[in-house]
Structure formats: structure tokens, C-alpha cells
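S.K.: sharing a sequence plus its predicted fold:
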Amino acid sequence: MRGAIIAAIIVAVVVGVLFYYNYSLLSPQHTEQGGRQVNAQPRDGAGPTQPSQSQPPQAQEGQERVEGQTGTGSGSRMLTLTELFKYAEQSVVQISVQKGGARGIGSGFIYDTVGHVVTNHHVVEGSSMVSVRFLDGTEYRARVVGVDPYTDLAVLKVDGVGMDKLRPLPLGDSSRLQVGEQVAAIGNPFGLSGSMTAGIVSQLGRMLETANGFNIPDVIQTDAAINPGNSGGPLLNMYGEVVGVNTAIASRTGEFAGIGFAIPSDTVKRIVPVLIEDGRYRHPWLGVSGRDVNAEIADILGLREARGFLVIDVVANSAAEKAGIKGGSRTVVLSDGSRIKVGGDVIVAIDGNPVRKIEDILIYLQRSKSVGDQITLTVVRDGKMMDVRATLLERPNPLESP
């Protein structure tokens with residue numbers, strides 16, 4: 001009897017040990033690695049975590065950037081400001097221009113490995129000679145291959161440059177930027193080459209009026225110091241990606257006062273390949289002018305909400321005129337003494353997207369539409385809501401007008 005009990009105990013122990021090792025070896029939840037138990041199956045079906053890369057993604061030497069190629073930052077670790085500068089400094093160039101008897105300086109960055117450089121239109125506008133200086137001090141003559149005054153972008157081309165100097169910066173996704181995100185600007189303020197300033201994204205979707213009178217929509221606002229000479233240089237996120245092209249400042253003195261502006265990288269992705277191919281970009285155009293609806297205008301028009309864009313004038317032969325958009329018919333005096341024409345359509349949506357002000361229309365057209373596309377405008381006309389379809393035309397360039 002005693003022997004049977006001992007035998008039963010031994011069998012139970014052996015079975016328990018075998019069960020333990022079978023579970024450890026066969027269970028999909030656990031495995032042994034390096035003598036410790038680790039989770040072998042990701043939760044929620046997610047794939048295994050990829051190791052962080054030590055440097056941001058960049059084009060390999062001798063590999064040309066293709067249209068639409070961008071860096072995403074996926075798998076890259078965030079860089080310190082020191083690391084960011086060391087990574088990007090050789091991709092930022094100084095641009096010198098001759099305009100009549102004057103000489104100007106701006107910035108730019110390497111776009112691809114065949115020698116294209118992105119900068120601002122206003123940096124090279126009216127220039128008789130353009131040159132590009134690299135970090136090592138070598139300077140090359142450049143030619144302008146394409147400009148777009150409506151987004152203040154320009155593309156230069158330098159030939160005969162060694163591959164060791166052509167280090168493109170990847171373009172990031174500016175639509176993923178958030179207010180408060182850290183960014184850095186690299187350029188040549190006041191001719192001081194290779195300077196970096198840092199700050200945050202102060203706001204997104206700003207409307208910027210240029211010296212030529214153009215309104216650039218969807219602009220990034222930053223408090224990273226931008227001064228004369230920074231124009232055309234990159235605004236970088238902390239993964240080493242270009243998220244904007246520094247273009248202007250808001251200042252009463254002409255020097256930095258805490259507010260700078262950059263053209264978003266998503267606009268660069270859309271415009272620059274076309275400038276390289278065709279030399280110009282055809283912008284979709286509706287052809288209306290007017291006022292954003294405020295509380296006073298809403299009261300005058302009998303609107304329930306103070307939102308939307310009041311059409312005051314419709315440009316002849318524009319997409320709006322061809323679609324039958326109605327302009328103002330009578331003049332009223334506002335409380336501040338200004339006069340406006342009312343009686344025109346109030347645009348409250350475009351393709352189902354709410355319109356609070358004119359910026360909403362311009363940003364939507366720039367981000368999502370091309371010449372020849374159809375749009376549906378929801379308007380309030382004589383107190384009634386209705387949809388109007390329009391086919392977008394090409395925006396006329398006043399710089400080319402006689």
C-alpha cells in the first residue's frame with residue numbers, strides 16, 4: 001500500500017512537470033529568450049515592433065528622388081536639435097541673386113540627386129543671375145526651371161555638381177503637424193550661412209498675403225526665428241523631414257518679431273514636380289470676391305448663423321460666372337462706415353465641406369482640386385439653400401497680363 005502511494009506521487013510530479021514544459025513550449029503567448037520569458041505574440045494582431053533607426057530616412061547616394069517620394073519618419077527616432085542640424089546642414093544651400101545693381105541672399109534645400117533645389121519665388125524673382133553655394137564653400141551657377149508666384153515656390157537646377165554634395169532632404173507630411181510640435185529652421189539669415197533656429201508650430205491653415213498681392217492659403221505659422229535671408233530654407237520636424245519652406249515674417253521693423261510663416265510640405269509635393277516638368281503650375285480658380293459673414297452681415301441678410309462667404313463680385317468669364325453664381329445687387333452701409341454690396345449668394349459649403357470663411361474655399365481647392373475638376377457649392381440665395389455645380393478653370397496670372 002505504501003509503495004502504491006509513493007508511485008502515485010512520482011507519477012503526479014512527472015505529469016505536472018511535463019504539462020508545465022508543454023505549456024511553455026506550445027503556448028502561442030510565451031517563449032523563452034535569453035533565459036527570460038517574453039511576449040511572443042503581439043496584442044490586438046499588431047505586428048512586431050521594429051527597432052528604431054539611428055538616422056532619419058534619406059535617399060541613398062546615386063539614387064534619384066522620384067516624383068512623390070517622401071520621407072515619413074516611420075521607424076525613425078526623434079532627433080535632438082544638435083543631431084538634426086548635423087543631419088540637415090549639408091542639404092541646405094545659400095542662394096545669391098543679382099537684381100539690377102543690387103545683390104540679394106536667400107536659402108534653399110536639395111530636392112533630388114540630379115541637382116534640383118527648392119526655394120522661394122520672391123528670392124529669384126526678377127534676377128539676372130542666380131548662384132548656389134554649398135556648405136563646403138563651393139559655388140555653382142544655377143538656372144530657374146520653374147516658378148509659382150501663387151505659392152511663392154521656385155525650383156532651381158545646378159549642373160556638374162558631385163554626388164557627394166547632392167543630399168536631398170525627405171519631405172514630411174505637413175497634414176500631420178500639430179500646434180505645439182517642435183520644429184527648426186535652417187538657412188542664411190542676414191547672410192550668416194548655416195544658421196539654425198528652433199521653436200514650435202504656432203498655428204496651421206493661415207492665409208498669407210504676399211508683396212505681390214497674392215493670398216497663399218494653408219500656411220504654417222511658427223515662432224522659430226525667421227529673418228531676411230531665411231527665405232526658401234527648410235522648416236524641419238524632429239525626424240529630419242521638411243514640413244515647410246520658410247517664406248515670410250510678420251513684423252513692423254522687417255526683422256523677426258515672433259511670427260514666421262512657411263509653405264507646407266504637402267503644397268511642395270503637389271507643386272514642385274509640376275514646376276520641374278512644365279515650368280509652371282495651373283491653379284484651379286473659381287473667380288469670386290466678397291466678405292466673410294460676420295454677425296452684422298448675418299443680421300442684414302437675415303441668416304440664422306454668422307458663417308459663410310458672401311459673394312460681392314463675380315469675375316467675367318470665370319468658373320463662378322459660367323455656373324451662375326450671383327453677385328451683390330445693392331449697397332448697404334455697415335456700422336464702421338464701410339459700404340458693401342449685398343444680395344449675392346452666400347457660400348456655406350463646398351463639396352459638402354462647411355465654409356466658415358474664404359480660407360476654407362481656397363485651402364480645399366489647393367489641397368484637393370485641379371483645373372477641370374467639378375465642385376458643388378452649397379449657397380444661400382434669397383433665403384433658400386441650393387446646390388450649384390461649377391467646373392474649375394485656370395487661375396489667370398496677372399504677372400503675364402499686358
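M.R.: That came through, no problem. Residues are numbered from 1 along each chain as shown.
S.K.: surely V274 is in a strand?
M.R.: No. According to DSSP: H, G, I helix; E, B strand; the rest coil, the state of V274 is helix, so it is not within a strand.
S.K.: that one touches Y281, doesn't it?
M.R.: Yes. With contacts counted by C-beta atoms under 8 Å, V274 reaches Y281, the gap being 4.9 Å. (C-beta placed from N, C-alpha, C; glycine too.)
S.K.: list the residues that contact both of these two?
M.R.: G146 (C-beta atoms under 8 Å, 6 or more residues apart in numbering).
S.K.: any idea how far I200 is from Q94?
M.R.: 26 Å (C-beta to C-beta, to the nearest Å).
S.K.: leaving out sequence neighbours, find the closest residue to L334.
M.R.: E296 (6.0 Å; C-beta to C-beta, 6 or more residues apart in numbering).
S.K.: likewise L362?
M.R.: Leaving aside its chain neighbours, L362 sits nearest to P217 (3.9 Å; criterion: C-beta to C-beta, 6+ apart).
S.K.: quickly find the element holding the one you found.
M.R.: Following DSSP states H and E, the helix or strand that holds P217 is strand 215-222.
S.K.: show me what contacts S231?
M.R.: Contact analysis of S231 by C-beta under 8 Å, 6+ apart lists 106-107, 119-120, 122-123, 187, 246-248.
S.K.: what about 6 Å?
M.R.: The contact partners of S231, by C-beta atoms under 6 Å, 6 or more residues apart in numbering, come to 106, 120, 123, 247.
S.K.: now do F109
M.R.: F109 sits in contact with 91-92, 118, 169, 234, where contact means C-beta under 6 Å, 6+ apart.
S.K.: for the most centrally placed residue in the chain, give me its contacts.
M.R.: What sits nearest the mean C-alpha location of the chain, by C-alpha atoms, centre = their mean, is P264, with 2.4 Å. Listed by C-beta under 6 Å, 6+ apart, the contact set of P264 reads 174, 218, 220, 244.
S.K.: which residues pair with it across the strands?
M.R.: G244 (DSSP bridges).
S.K.: how about the secondary structure of F85?
M.R.: Under three-state DSSP, F85 falls in the helix class.
S.K.: with adjacent residues omitted, what lies nearest to it?
M.R.: Leaving aside its chain neighbours, F85 sits nearest to M196 (5.0 Å; criterion: C-beta to C-beta, 6+ apart).
S.K.: my guess is the one you found contacts N188. True?
M.R.: No. M196 is beyond contact range of N188, at 11.0 Å (criterion: C-beta atoms under 6 Å).
S.K.: of the contacts of S231, which is the most crowded?
M.R.: T247 (28 neighbours; other C-beta atoms under 10 Å).
S.K.: against V123, how distant is V145?
M.R.: In this view, V145 and V123 are 14 Å apart by C-beta to C-beta.
S.K.: now the terminal residues of stretch 303-310, how far apart.
M.R.: By C-alpha to C-alpha, to the nearest Å, the extent of stretch 303-310 from end to end equals 11 Å.
S.K.: gap between that stretch and the chain center?
M.R.: Centroid separation between stretch 303-310 and its chain, computed with C-alpha atoms, centre = their mean, to the nearest Å, is 29 Å.
S.K.: buried residues in it?
M.R.: The neighbour-count check on stretch 303-310 (16 or more other C-beta atoms under 10 Å) flags 303, 307-310 as buried.
S.K.: now do stretch 325-332
M.R.: Neighbour counts using 16+ other C-beta under 10 Å place 325-328 of stretch 325-332 among the buried residues.
S.K.: domain ranges for the protein?
M.R.: 78-281, 284-400 (automatic domain parsing).
S.K.: winner for burial among these?
M.R.: Comparing these by mean neighbour count (mean count of other C-beta atoms under 10 Å), domain 78-281 ranks first with a mean of 20.
S.K.: could I get the contacts of S231 in CSV, plus columns for secondary structure?
M.R.: Below are the contacts of S231 laid out as CSV (three-state DSSP):
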residue, secondary structure
G106, strand
N120, coil
V123, helix
T247, strand
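S.K.: do me a favour and get the end-to-end distance for stretch 367-384?
M.R.: In terms of C-alpha to C-alpha, the two terminal residues of stretch 367-384 are separated by 29 Å.
S.K.: what comes into contact with it?
M.R.: Against stretch 367-384 from outside (C-beta under 6 Å, 6+ apart): 282, 284, 345-351, 387-392, 394.
S.K.: the closest residue to G302 other than its chain neighbours and L377: what is the separation?
M.R.: Nearest non-adjacent residue to G302, counting by C-beta to C-beta, 6+ apart: G383, 6.5 Å away. With distances taken as C-beta to C-beta, G383 is found 17 Å from L377.
S.K.: pLDDT of stretch 216-233, averaged?
M.R.: The average pLDDT for stretch 216-233 rounds to 91.
S.K.: and V268, that's in a helix?
M.R.: Yes. Under three-state DSSP, V268 falls within a helix.
S.K.: pLDDT wise, what is it at?
M.R.: For V268, the pLDDT comes out at 97.
S.K.: same check on the one 10 residues further on?
M.R.: Residue-level confidence at D278 comes out at 95, pLDDT.
S.K.: give the contact list for it.
M.R.: Counting by C-beta under 6 Å, 6+ apart, D278 touches no other residue.
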